[in-house]
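Trainee: Sequence first, then the predicted structure:
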Amino acid sequence: MAELTPALVRLITSPDALGLGVEDCVARILVEWLESECQQLPEASEEETLFRMKELQMHARGILRFCQMWNEPTTRPGAIQLWATQRWGFRLPKGPASLWDLLGKATCWRPSRSKRRVA
């Protein structure tokens, strides 16, 4: 399990952190998801853990961007393209969906073991 060091805390709370420009409750969902994912990381050096945390943070930003784009008719094709290129396996809604539903689906989905990248 990865340990929260000062460098990791700075990553989460930096100016370009997940919560910038979104409601507190949305930021909380993403930060809790990030914390949960970090707890599942195997023990590694601080440098390796920081690298993996940055990857997870970028993933969370992608999820947030997808959710923001989904309900706008002009940006929905971009949301679908993002979903496809990231190879997310959660089901796309049939139409407009609440931000909470989208975040819930996106943060609960896990790739199958055969699809996970090997480090």
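Mentor: Here it is on my side, so go on.

Trainee: Please pull out the lowest mean pLDDT helix or strand from the protein.
Mentor: helix 6-13 (a mean of 62; mean pLDDT, DSSP states H and E).

Trainee: Check what pLDDT Gly62 gets.
Mentor: With respect to pLDDT, Gly62 scores 88.

Trainee: just so I have it, where are all the helices in the chain?
Mentor: For the chain, the helices defined by DSSP state H occupy 6-13, 24-39, 46-70, 76-86, 99-108.

Trainee: now those as CSV including mean neighbour count and distance to Leu92?
Mentor: All C-beta atoms are positioned from the backbone trio N, CA, C, and that covers glycine. Listed next are the helices of the chain as CSV, based on neighbours: other C-beta atoms under 10 Å; distance: least, C-beta to C-beta, whole Å:
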stretch, mean neighbour count, distance to Leu92
helix 6-13, 13, 29
helix 24-39, 16, 19
helix 46-70, 18, 8
helix 76-86, 14, 6
helix 99-108, 17, 9
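
Trainee: Quick check: pLDDT value at Trp70.
Mentor: At Trp70, the predicted lDDT confidence score is 92.

Trainee: Oops, could you answer that again for Val22 instead?
Mentor: For Val22, the pLDDT comes out at 67.

Trainee: Tell me how far the spatially most central residue of the chain lies from Ser36.
Mentor: Central residue of the chain (C-alpha atoms, centre = their mean): Ala60, 1.8 Å from the mean position. To Ser36, Ala60 is 11 Å away according to C-beta to C-beta, to the nearest Å.

Trainee: Quick one: residues contacting the closest residue in space to Ala79 that isn't next to it in sequence.
Mentor: Closest residue to Ala79 apart from its sequence neighbours, by C-beta to C-beta, 6 or more residues apart in numbering: Met69 at 3.8 Å. Going by C-beta atoms under 8 Å, 6 or more residues apart in numbering, Met69 touches Thr75, Arg76, Gly78, Ala79, Leu82.

Trainee: between these, which is closest to Val26?
Mentor: Distance to Val26 across these (C-beta to C-beta) is lowest for Ala79, with 16.2 Å.
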